[in-house]
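make a model of this:
(chains A, B, C, D, E and F)
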6 protein chains.
Amino acid sequence: MNSDSKEVLLQKANVLIEALPYIQHFRGKTIIVKYGGSAMTDDELKKSVIKDVALLKLVGFRPIIVHGGGKAITGMVNKLGLETEFVNGLRVTDRETMDVAEMVLNKVNKGLVSMMEKTGVKAVGISGKDGTLLQVKKKLSGGKDIGYVGEVTQVNTGILSTLLDNDFVPVVCPVGSDPDCNSYNVNADDAACAIATAMKASKLVFLSDIEGVYADPDDRTTLISEMTVGEAKAFTASGHAGGGMLPKLNSCIEAIEKGVGRVHILDGRTPHALLLEFYTDKGIGTAIIGDHEEKYFSAR
Amino acid sequence: MNSDSKEVLLQKANVLIEALPYIQHFRGKTIIVKYGGSAMTDDELKKSVIKDVALLKLVGFRPIIVHGGGKAITGMVNKLGLETEFVNGLRVTDRETMDVAEMVLNKVNKGLVSMMEKTGVKAVGISGKDGTLLQVKKKLSGGKDIGYVGEVTQVNTGILSTLLDNDFVPVVCPVGSDPDCNSYNVNADDAACAIATAMKASKLVFLSDIEGVYADPDDRTTLISEMTVGEAKAFTASGHAGGGMLPKLNSCIEAIEKGVGRVHILDGRTPHALLLEFYTDKGIGTAIIGDHEEKYFSAR
Amino acid sequence: MNSDSKEVLLQKANVLIEALPYIQHFRGKTIIVKYGGSAMTDDELKKSVIKDVALLKLVGFRPIIVHGGGKAITGMVNKLGLETEFVNGLRVTDRETMDVAEMVLNKVNKGLVSMMEKTGVKAVGISGKDGTLLQVKKKLSGGKDIGYVGEVTQVNTGILSTLLDNDFVPVVCPVGSDPDCNSYNVNADDAACAIATAMKASKLVFLSDIEGVYADPDDRTTLISEMTVGEAKAFTASGHAGGGMLPKLNSCIEAIEKGVGRVHILDGRTPHALLLEFYTDKGIGTAIIGDHEEKYFSAR
Amino acid sequence: MNSDSKEVLLQKANVLIEALPYIQHFRGKTIIVKYGGSAMTDDELKKSVIKDVALLKLVGFRPIIVHGGGKAITGMVNKLGLETEFVNGLRVTDRETMDVAEMVLNKVNKGLVSMMEKTGVKAVGISGKDGTLLQVKKKLSGGKDIGYVGEVTQVNTGILSTLLDNDFVPVVCPVGSDPDCNSYNVNADDAACAIATAMKASKLVFLSDIEGVYADPDDRTTLISEMTVGEAKAFTASGHAGGGMLPKLNSCIEAIEKGVGRVHILDGRTPHALLLEFYTDKGIGTAIIGDHEEKYFSAR
Amino acid sequence: MNSDSKEVLLQKANVLIEALPYIQHFRGKTIIVKYGGSAMTDDELKKSVIKDVALLKLVGFRPIIVHGGGKAITGMVNKLGLETEFVNGLRVTDRETMDVAEMVLNKVNKGLVSMMEKTGVKAVGISGKDGTLLQVKKKLSGGKDIGYVGEVTQVNTGILSTLLDNDFVPVVCPVGSDPDCNSYNVNADDAACAIATAMKASKLVFLSDIEGVYADPDDRTTLISEMTVGEAKAFTASGHAGGGMLPKLNSCIEAIEKGVGRVHILDGRTPHALLLEFYTDKGIGTAIIGDHEEKYFSAR
Amino acid sequence: MNSDSKEVLLQKANVLIEALPYIQHFRGKTIIVKYGGSAMTDDELKKSVIKDVALLKLVGFRPIIVHGGGKAITGMVNKLGLETEFVNGLRVTDRETMDVAEMVLNKVNKGLVSMMEKTGVKAVGISGKDGTLLQVKKKLSGGKDIGYVGEVTQVNTGILSTLLDNDFVPVVCPVGSDPDCNSYNVNADDAACAIATAMKASKLVFLSDIEGVYADPDDRTTLISEMTVGEAKAFTASGHAGGGMLPKLNSCIEAIEKGVGRVHILDGRTPHALLLEFYTDKGIGTAIIGDHEEKYFSAR
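This is a model prediction of the structure:
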């Protein structure tokens, strides 16, 4: 900001001032950021997400990151030449694969922590095994055992509250354990939902390679900025929600019905997607809100 | 921020991100803003100052405003047709004038409080009489009694800490009382210095109609961005500091020697002067720093 | 107490001991003292009221003073030669008059603070604009706009709790603000009622030039020491409550129905009226109590 | 206070107001009252002492009572027909006698607690064995073993702070224990001194059958209201301090030299001696003060 | 533990490890130990009980001891040659006898405190008069006045919470007071029940000379380890509960119905009965549990 | 403990009671357990160590585990067929190897957490990157770059205190980061020393495949139970400390000189080595103590 002309400086000051009512509005609110997709593999996008979360933290949000491991797990599984069994056409997560997944996820986890620390914001990386954050049981697929894939049965938020209250940003990788100490892979979306619900979060954000919900999936001009739970249900019932969107929308609906304030679907390929969504009235993705909330909230 | 194009939005997000290291650096620091001059009479500048302070508060500073009453006092004295006595060529603040001054200052004080509250930031207006914040004795001018003009003898910071710790911005008008409950006018610069020293503030800002210190007062291109206490002393000794600047520089020097971190002289006629000074490396005014501090601190 | 004979000393000690059960009974209770009338213009009475409140504070009450400005406002309006408009026979509080009222009230406010501080008890003077204590809207008189006269719409008690919890006596002047930062005069009785209700006070005291309620207003021997809400309602319904007493009694009734413990109507012209009311069984004024409370409570 | 005329009521209110500066001065100060002599055997005096302490507590002191058992122990020893051994002319406290002393002291202790509770002030009776408040070793008399008579070696103030911080008045009987759990009688004056020193008390009061220090013991008009430690030392050196006064004065001197604020010698036979001493400038007994303190302190 | 062979050491380590799940299970739980019978007269058993309680405290329980005085009172009454009146065949506790009982109980109380302190655990001995822990009224026997025998009307737990929260073990002797400060003897079982109920204790233990409940009192092999409240009621209804057991069982039933977790009847003549009951699955006495609790709880 | 005879039960109770003075002694003390060697590869030993730490936690210690990864890293490096460079005969930790090390260490870390949680004790696994616990710089070997091997430059204990204060056992793997977010392997002994020093720990334990210090390494009967820092220095100076022992002893000496209370060298191959060392007077390994401490401390 240092070599700018006075005019440019003034414009910048005005941007900061414009953010004032939003900052005021979001103080002390808990936000869960499910972080996956391209934003995890592109180095610039990664920095952009981490800086956004750092800023949200500094201006008063209480953010929690939940991340996946994505392609890194597959890479390591291949490198180790692990053989794979299939059930119902689904790859089985056997003990060896789970070991690799856990190693890779924790590695990714600590990498995000270091990036956050570099911005000057304190962070701590945990998995769902720490403080038994995520207690799980085996999840079956069509009644078949597909290995160490877990379904969350209980969330112990103690460790998250401890970290948030002491000014740390928790970074969570979605590995849980059953009562016998076995590790299970948990779907990162599900983990984020479970945590958001247990923390009674104000916001849950899905940051992935999806731009949001389109009224007509084939028409990029039909992005829906905001829909109520009622509208979302009608939308899914109508059959317009395609492939990956259907389960995501159902997660959104469930989260809000269980007490989460708002759920946002954002495109992680847009730099600073988080800031743009929260510090603009219309946002850049799709927000699902409660049936009785006012649409197009303007902080001003 | 709502109807901007995606490109503009991104630029705005980048401005917020640029502020990140500064926000990080100043968290929890106490800052005293002495607020006077044109910035108190022009309505737009007034809003600009209040919004700046509100933003500083929201991103983690602990700000305290100390303000004067300026022309409003003279206006009311004239309206009431008060007669004036002079001693040593100085107007004497007799009891009646002091009463008017106190009324006007408190009125100005509560006006600033309301403006701050409108931004959503909680504020409380007090005078130096509340919680005996400013204990004073009569100040003589050349050995002559010039009436109810006070010199600060003690600062009881209890009420300031109470308000700051409970998330209020204290707005202070410079009226003190002596042990017999008489009210005295205190020079606002002196009050701000005394409070900054007692609070061991990180920053003391003089926001008035002065752009800063010029190496050559006749050459607008010679503004000094940063000078150490040692340099400031040499400068005053050299005789280059003219009229109003000499006592101001001496106040700056004294404040730093008594433990204040930095003192800034800013031009209140520049909109958002506070933000520009704190969120740029070079700033827009003159900063006086300790002899052993590194010059041109960059938060990055 | 120093040059008394041993006998006199012992009598004095007995007085202190007599107060023991009352002190015990009232510890930690919040009391709102609406302070107006002669007790604000006579210097001796003023000292007496302030010392009473100081003592109440020291022995464990949590007192809040709400005061008016009374004749001082009229005096200043006249001195400035402001012209006055009338609506429905009522003087309109235009912007200029409101400005004067606010100045005068804040001046009176800080004067009371200084007197309290002199007793060694910490005090802070605020108006209803600080911490948006009193949010108001315009009050109409018979459907007509009579200017900046406000009706309390919300009480934000945060600043009062902050001050009480940190051992300060809040002194409140009844100026509120609307969402657009305009200042409004609020009737001091109404402000005291609103604050007592919001603070769930144990006691609300009206200290003015009224001795209490008389069964027969023409017979000074018929002062009613204590009446229940039910009796007060019957009394107002009967038409016995004359001029100024009717709205006052209605305020008392409303306050108790909204959760205030007791309301006292005291004659501020009696020195130490507060102590006499609280540290005697029968008291010296009229107390309105809940329907199910025991009459003539004796602390012993 | 209920059936008094208005005039009498006003006088009473004035007495309360006179106490204001003293109450203000003593808030939060710790005071140790060594309580013995006639004030423990006369029922009216007992009530008077307890009420005084209750009032001191309610107006902000943090009082601790240390009491002896006096004649009650001798009475019980005689009733049980215990035989007594003598060493150096001193009665030996054998195990049986100590058992009786401990029983009687605890009985007296709980009696005082009940009286205090009746005033509405919470009290807890402990001995020096609770929380190992008083750790002792055997005290010899002229090199001879006189049984279970203890000398304080350590004071663990934890239990006292716990009780004071939770609003209880500790009532202490002077029984200590050695590391082998044996009980020892401790001289109550010594116990009070040790506790006052360990608690860094503001005041230590000896309430017994002594009116104070007389310049001339044979002349009742020569009571010394206040003496500095230096004066007290000169007085003891001069040989004017007779029988029981010499050790008492030496205790006073030692206590002040170890950090106690003031020591008062009061006549417990005067009703409300504590109030009279603390709420009058001259007091009724003798106060020993530090060498550099101002004599005849007036709270006003 | 120092001169043992490595093998013995390892066995000992295993014992500690075995206790792990029990310690874990009981952390932070409040337990009331009613302590009477032989365990109070035999010196070795006394040490064993005190050490057990000390250990329970150190590993995380919040224990409170309630004790009787047993034979010591009778001994002292006899020694003093007090005459006795009888009503309904019951000895009347006249004022003199009550005085003796109170002395003896307090003596016993402080003895237990010293023993506990010797283990390094902080303890404080109080009676029901301290902090008006036990408020009582006179208890009649068949409508006849039997003197100062009290029935608990109210339990003020403030002093117990204060002590527990500050890491002291409260040791309580069952003497209460009525509103007129008269002392009353309270049955120790009743006092323990009242305190356990008021503290919402997890456990209440009767440690006396009873081994537990026998299905057939004549057959020592029929000890019942655990019975539900329902079973206990059926048992008492059946007439199988003999002499002293009937009121004890009724107390157990009442305690659980009022919110106590479990009640244990233990034989105080067995060394370390408390540890054996709590750190084994079956225990050594009889536990009365709620109707819906699982029997034979194993911590593992 | 459930099916034992009464005699066996009593022996077990006695073992618990024997531990009382040790438990008392160690309450609230911070202990760092450096955990490596066979105790990390043998499943039974692993459970034994975890249970020991769980017990230490439950009885009042504040334990922190610092572990290595040992053979697991080598195993994974081989499995992935990574090529290795050598400098000065030392294997270079290149970026790829470091990635593998970090993955494996975090996997081991979370495994220990799960085992601890299974005992009912809450645990959280972190690396030196979390909360920038371990800030490092590149460590050279004989002036040569051997890759990502780090030397601790700063320890930020905030995250450890946060976890301990909230009842979690921190489990730390020795990976640090430099200011550019690069990960470095840190020698686990060094990490444990640095943490123990920064935490001012009471105890630092090296749990590895070394039995302790032998006066004569060839004579198993010459184990030294306790040596002062002075003795340890003389021993190393004498040349008696062989191979791996010399650096370990030097670490011990440095730790004590920097403020750690005691350092213990224990054989992790002995089950329950931690309990045996702490709950016996002589212990089973070697303790290095300060020069002025008493040898062979017995808690009794």
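
anything in the helix or strand harbouring A:Thr162 near chain E?
Using DSSP states H and E, A:Thr162 maps to helix A:158-165. No: if you take C-beta under 8 Å from any C-beta of the partner chain as the test, helix A:158-165 misses chain E, and the best it gets is 14.9 Å. (Each C-beta comes from the backbone N, C-alpha and C, glycine too.)

following element in sequence after that helix, please.
By DSSP H and E, the next helix or strand past helix A:158-165 is strand A:169-173.

and that following strand, what's buried?
By neighbour count on 16 or more other C-beta atoms under 10 Å in any protein chain shown, the buried set for strand A:169-173 is A:Val169, A:Pro170, A:Val171, A:Val172, A:Cys173.

same question, stretch A:65-84
A:Ile65, A:Val66, A:His67, A:Gly68, A:Gly69, A:Gly70, A:Ala72, A:Ile73, A:Met76, A:Val77.

okay, the fourth one: pLDDT?
At A:Gly68, the model reports a pLDDT of 91.

how about the secondary structure of the closest residue to A:Val149 other than its chain neighbours?
Distances taken as C-beta to C-beta, 6 or more residues apart in numbering or on different chains place A:Lys139 nearest to A:Val149, at 4.9 Å, with adjacent residues excluded. Three-state call for A:Lys139 (DSSP: H, G, I helix; E, B strand; the rest coil): strand.

for the stretch 51-200 of chain A, which residues are neighbours of chain B?
Counting by C-beta under 8 Å from any C-beta, the stretch 51-200 of chain A comes close to chain B at A:Lys51, A:Asp52, A:Ala54, A:Leu55, A:Leu58, A:Val59, A:Gly60, A:Thr119, A:Gly120, A:Val121.

any idea how far chain C is from the residue in the stretch 1-150 of chain A that chain E sits nearest to?
Nearest to chain E in the stretch 1-150 of chain A, going by C-beta to the nearest C-beta, is A:Thr132, at a distance of 13.9 Å. Going from A:Thr132 to chain C by C-beta to the nearest C-beta, to the nearest Å gives 38 Å.

same check on A:Phe26?
A:Phe26 is 20 Å from chain C, by C-beta to the nearest C-beta.

show me the residue sitting in the middle of chain A in space.
In chain A, the centroid-proximal residue (C-alpha atoms, centre = their mean) is A:Lys34; its distance is 0.8 Å.

OK, contacts around that residue?
By C-beta atoms under 8 Å, 6 or more residues apart in numbering or on different chains, the contact set of A:Lys34 is A:Val66, A:His67, A:Ala188, A:Asp189, A:Ala192, A:Leu204, A:Val205, A:Phe206, A:Leu207, A:Ser208.

now do the SS call for the closest residue in space to the first one that isn't next to it in sequence.
Once flanking residues are discounted, A:Val66 sits nearest to A:Ala192: 4.2 Å by C-beta to C-beta, 6+ apart. At A:Ala192 the chain is in helix, as set by three-state DSSP.

chain center to the lengthiest helix in chain A: distance?
The residue-count maximum for a helix in chain A (DSSP state H) belongs to helix A:95-118. Counting by C-alpha atoms, centre = their mean, to the nearest Å, helix A:95-118 is centred 16 Å from the centre of its parent chain.

summarise which helices and strands the helix or strand just after it is packed against.
Proceeding N to C from helix A:95-118, the next assigned helix or strand is strand A:123-127, under DSSP H and E. Here strand A:123-127 touches helix A:95-118, helix A:158-165, strand A:169-173, strand F:123-127, going by 3 or more C-beta pairs under 8 Å, 6 or more residues apart in numbering or on different chains; DSSP states H and E.

what residues does the stretch 201-300 of chain A put near chain E?
Within the stretch 201-300 of chain A, no position is near chain E by C-beta under 8 Å from any C-beta.

can you pull out the low-pLDDT segments for the stretch 201-300 of chain A?
A:281, A:294-300 (pLDDT under 70).

what does it have sitting close to chain B?
Residues of the stretch 201-300 of chain A lying near chain B (C-beta under 8 Å from any C-beta): A:Thr270, A:Pro271, A:His272, A:Leu275, A:Leu276, A:Tyr279, A:Thr280, A:Asp281, A:Lys282, A:Ile284, A:Ser298.

can I get these in TSV including distance to chain F and secondary structure?
Supplementary listing: these in TSV, determined by distance: C-beta to the nearest C-beta, whole Å; DSSP: H, G, I helix; E, B strand; the rest coil:
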residue	distance to chain F	secondary structure
A:Thr270	24	coil
A:Pro271	20	coil
A:His272	20	coil
A:Leu275	22	helix
A:Leu276	26	helix
A:Tyr279	27	coil
A:Thr280	31	coil
A:Asp281	36	coil
A:Lys282	35	coil
A:Ile284	29	coil
A:Ser298	38	coil
